[in-house]
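Colleague: dropping the sequence and predicted coords here.
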Amino acid sequence: MQKSVASNRKRASPISLGLTKRQLKVLALVMQGKSNKAICRVLDLAETTVKYHVTIILKALDVSNRTEAVLAVGKLGWNFPTTAADKGDETDIKCATPNPSKLSQLKLALPDKPSIVVLPFANLSGDSGQDYFADGLVEDITVSLGRIPWLFVIGSGSAFAFKSRTVDATVVGADLGVRYVLRGSVRKSGHRVRIIVELTDAANGRQVWADRLDSRLVDIFDIQDQVVDHVAAMIAPTMRRAEIERARRKPTENLTAYDLFLQALPQCRPGSVEVQEALRLLYRAIDLDPSYGAPYGLAALCHRMQLMFSRKLPSDSRVDEALRLAHVAAEMGKSDSEALWMAGEVMVMLAGEFERGQALIEQSIALNPNSASAWNALGIVRAHVGDPETALEHFSRARRLDPVCSLHHNYWVGTSLAHFIAGRYQKSSDAADVVLNERTNYPRVLSLKAASCAQIDRIDEGRACVDRLLVVNPQATVATFKAICNAPFRRNPRALKKYLDGLRRCGLPEGVAPH
């Protein structure tokens, strides 16, 4: 039977069989003999997702197992270059007989995610016996970066092929098929150690980021851990911002789902025009790759931002859509730390799903402990459940991990909220001022500032905040704030009462309770 099927489909193409780009990637790896677990690691997919794609592939080929699939593909004459698993375009899989000699001459294609190699660090200590320190440091950085799901990291074995060689970053990038090259040096002198690192864009040889780290040499392994944590925390955000800029410069018609996601990132902030454009990009990304979890999470977060900015009623259809996207993000992005914290935050803030939301955020931090956004989200959860001290620790950690982020104000919003819940209204007001000094009409902070002022009898100052709030959103009322805040404050009704009473005392109209 299989022979007749293959014969009947001799001229079939991957497109004619209805296989998606992601399924072509899975099929390419199946043809290489990769197991489901190996495919999970290569493509950063959950095992259930890989099993689903394999099932679809077997059905499309009209076969019952992987061995028959390999035979059927061979009879169809499809040629899978070794880069197909990474690139995954239909044009990579041709209905022709493979030509091994040509395949060996192909350049390695860039993965569809930021890619990096950590080259061996130069030992400048003047003692070749200290090479182990530099080599161990490189190994730790490589492993640490490898835990970040949205990075493609070349193994240290390939990286060490360049040891003791002076090579141009563009050559390394071309040889290994990566976008970024991290290089550095280590100098130990007495009880001090100095480490210099430099991140280079291998496409043009431009330096993206560099830093110098000085420390006392008390315990060599502790120092390695400190360096790894610092470098991983700094490189990941730097690389992400560089990728955002690169994505902006690329023609829209050539963007992948990942490119679309990166374009959407800087536009996901309060303001209907920007957020609406971000959502348009994210829904396109979802259409291109329905199994990519991050766009679902970011789209859910965008909807929440729109609701936060406009202070619309919870009956707004965007609430249901945001929650739908959040739950899909949690399912599709089980190994994506970004998707998980976004999904968790939305679930808590829009539906009061504390257990599920916090579990997702904690899972995100387990995958990437250097994510300032995830620590911030966990702080938001702990503040709303009435644990402000832990929340403040989380916000402080987030600020330290991402000290110059353009969304730095988010950490101070959380700090203001935590102090308000703790009953430290002056500190809440002070933290709100940090935000309002840069964003004078930020609705969420104007309301926190007004509520704090009411509790310390600075009513006139609070009224001024309410007046500015009503300019931004004339429909804002105590009733709408209550409806919006019921879910996140479900575990802390006393704090919600003080919040609403403060707004009421500062002149926010009562309004009508929504149905």
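Modeller: Done, it's in.

Colleague: for residue 275, give its distance to residue 327.
Modeller: Separation of residue 275 from residue 327 (CB to CB, to the nearest Å) stands at 20 Å. To be clear about C-beta, it is placed using only N, CA and C from the backbone, and glycine gets the same treatment.

Colleague: which of these two has more neighbours?
Modeller: With neighbours defined as other CB atoms under 10 Å, residue 275 and residue 327 compare such that residue 275 has more, 22 against 18.

Colleague: verify the stated contact: residue 486 with residue 497.
Modeller: No - when contacts are counted by CB atoms under 8 Å, residue 486 is not listed as touching residue 497 (11.6 Å).

Colleague: just say helix, strand or coil for residue 182.
Modeller: The three-state label given to residue 182 by DSSP: H, G, I helix; E, B strand; the rest coil is strand.

Colleague: that one against residue 117, yeah?
Modeller: Yes - applying CB under 8 Å as the test, residue 182 and residue 117 come out as touching, 7.2 Å apart.

Colleague: residues contacting the closest residue to residue 376 other than its chain neighbours?
Modeller: Spatial nearest neighbour of residue 376, chain neighbours left out: residue 398 (4.2 Å); criterion: CB to CB, 6 or more residues apart in numbering. Residue 398 makes contact with 372-373, 375-376, 379, 411, according to CB atoms under 8 Å, 6 or more residues apart in numbering.

Colleague: cool, residue 420 as well?
Modeller: Contact analysis of residue 420 by CB under 8 Å, 6+ apart lists 428, 448, 451-452, 495, 498-499.

Colleague: now it, what's its secondary structure?
Modeller: Three-state call for residue 420 (three-state DSSP): helix.

Colleague: and it, how far is that from residue 357?
Modeller: Distance from residue 420 to residue 357, counting by CB to CB: 21 Å.

Colleague: what's the strand or helix carrying residue 297 packed up against?
Modeller: In this structure, residue 297 sits in helix 293-310 according to DSSP states H and E. Applying 3 or more CB pairs under 8 Å, 6 or more residues apart in numbering; DSSP states H and E, one finds that helix 293-310 contacts helix 257-264, helix 272-288, helix 317-332, helix 337-351, helix 443-455.

Colleague: and the angle from the helix or strand where residue 365 lies to helix 293-310?
Modeller: Assigned by DSSP H and E, residue 365 falls within helix 354-367. Between helix 354-367 and helix 293-310, the angle comes out at 130 degrees (axes from the mean of the first three to the mean of the last three CA atoms, to 10 degrees).

Colleague: average pLDDT for helix 354-367?
Modeller: The pLDDT scores in helix 354-367 average 91.

Colleague: please apply the same query to stretch 203-212.
Modeller: For stretch 203-212, mean pLDDT is 84.

Colleague: so how far is residue 421 from the residue most central in space within the chain?
Modeller: The residue lying closest to the centre of the chain (CA atoms, centre = their mean) is residue 338, at 3.2 Å. Distance, residue 338 to residue 421, using CB to CB: 27 Å.

Colleague: let me see the ranges of the strands in the stretch 151-300 of the chain.
Modeller: Using DSSP state E, counting those that start in this stretch, the strands of the stretch 151-300 of the chain run over 152-153, 180-189, 192-201, 206-216.

Colleague: looking at those, which is buried most?
Modeller: Most buried of the strands of the stretch 151-300 of the chain, by mean neighbour count (mean count of other CB atoms under 10 Å): strand 152-153, with a mean of 23.

Colleague: now for that one, which elements pack on it?
Modeller: Helices and strands touching strand 152-153, by 3+ CB pairs under 8 Å, 6+ apart, are strand 115-118, helix 131-146.

Colleague: could you tell me the least trusted of those?
Modeller: Note on the helices and strands packed on strand 152-153: lowest mean pLDDT is at helix 131-146, with a mean of 70.

Colleague: still on that earlier bit, which among the strands of the stretch 151-300 of the chain is found nearest to residue 466?
Modeller: Across these, residue 466 has its closest neighbour in strand 206-216 (42.9 Å, CB to CB).

Colleague: give the other helices and strands that the closest one contacts.
Modeller: Judged by 3+ CB pairs under 8 Å, 6+ apart, strand 206-216 is in contact with strand 192-201, helix 220-249.

Colleague: comparing those by mean pLDDT, which bottoms out?
Modeller: Among those, helix 220-249 scores lowest, at a mean of 60.

Colleague: tell me how many other residues surround the closest residue to residue 422 other than its chain neighbours.
Modeller: The shortest distance from residue 422 to any non-neighbouring residue, by CB to CB, 6+ apart, is to residue 388 (4.0 Å). Residues within reach of residue 388, counting by other CB under 10 Å, total 26.

Colleague: distance of residue 388 relative to residue 317?
Modeller: Distance from residue 388 to residue 317, by CB to CB: 33 Å.
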